[in-house]
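K.L.:
Dropping the sequence and predicted coords here.
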Amino acid sequence: MGQKKNKKNKNNNNNNNSNNNNNNKMMMMMMKKMMMMMMMMNMKIMMMMMMMMMKKKTKSTRMGKRREK
């Protein structure tokens, strides 16, 4: 009985991980695209693209705070 319970718990954990990984998969796809861009572009342009990507995540909240001021 103990072994069966452990197996059920493992399956539940796997399901939860798969759901959480959906966001990670999107990031991985973006990273793969960025890698492809790097192969065709200069490193400087690549760095600029990365900075823009990183800024987009927090831009909404920061812009909202600035507008309030």
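P.N.:
Yep, that arrived. Residues are numbered from 1 along each chain as shown.
K.L.:
Burial check on N23, number of neighbours?
P.N.:
Neighbour count of N23, defined by other Cβ atoms under 10 Å: 9. C-beta here means a position set from N, CA and C on the backbone, and glycine is covered the same way.
K.L.:
quick thing: my sequence starts at 41, can you match it?
P.N.:
Happy to do that; since the first residue is 41 now, the last one works out to N63.
K.L.:
give me the element it is part of.
P.N.:
Assessed by DSSP states H and E, N63 sits inside helix 42-80.
K.L.:
pLDDT weak spots in the protein?
P.N.:
Within the chain, the ranges that satisfy pLDDT under 70 run 41-62, 77-83, 86, 96-109.
K.L.:
hmm, 80 instead?
P.N.:
41-67, 74-109 (pLDDT under 80).
K.L.:
M91: neighbouring residues, count only.
P.N.:
A total of 10 residues lie near M91 under the criterion other Cβ under 10 Å.
K.L.:
cool, M90 as well?
P.N.:
By other Cβ under 10 Å, the residues close to M90 number 14.
K.L.:
what's the spacing between the closest residue to it other than its chain neighbours and K95?
P.N.:
Among residues not flanking M90 along the chain, M74 sits closest, at 6.9 Å (Cβ to Cβ, 6 or more residues apart in numbering). Distance, M74 to K95, by Cβ to Cβ, to the nearest Å: 14 Å.
K.L.:
The two: who's more crowded?
P.N.:
Looking at M74 and K95 with other Cβ under 10 Å, you find the greater number of neighbours at M74, namely 14 against 10.
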